[in-house]
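[1] No sequence on hand, only this structure:
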């Protein structure tokens, strides 16, 4: 896949995401916030696990809270 095809694919994916968002019910939109937050926390925690391979689960949880809520 060349660069032009990749850009076209990205535009197509973005367009589909926008269309799905427009068609979503208010209930679905309200549930998306917590879902996105949970997914973000999982991604952050995966990165922390790479940075701290010997950390326990409770240590990872503490690092996650620091990362998300620190100013």
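    On my side now, so go ahead. These numbers were taken from a predicted model, which means no experiment stands behind them.
[2] rest of the way, CA atoms for contacts and neighbours
    Will do.
[3] gap between residue 53 and residue 39?
    20 Å (CA to CA, to the nearest Å).
[4] again, but for residue 4
    If you go by CA to CA, the gap between residue 4 and residue 39 works out to 30 Å.
[5] And those two? Which one has more around it.
    residue 39 (12 against 9; other CA atoms under 10 Å).
[6] Name the residues of stretch 38-52 that come out as buried.
    For stretch 38-52, burial by neighbour count (16 or more other CA atoms under 10 Å) applies to 41, 44, 45, 48, 49.
[7] and it, how far out from the chain's middle?
    Remark: stretch 38-52 is offset 10 Å from the chain centroid, using CA atoms, centre = their mean, to the nearest Å.
[8] pLDDT averaged over the longest helix seen in the chain - what is it?
    Ranked by number of residues, the top helix in the chain under DSSP state H is helix 26-51. With pLDDT averaged residue by residue, helix 26-51 scores 95.
[9] Stretch 3-13 too?
    95.
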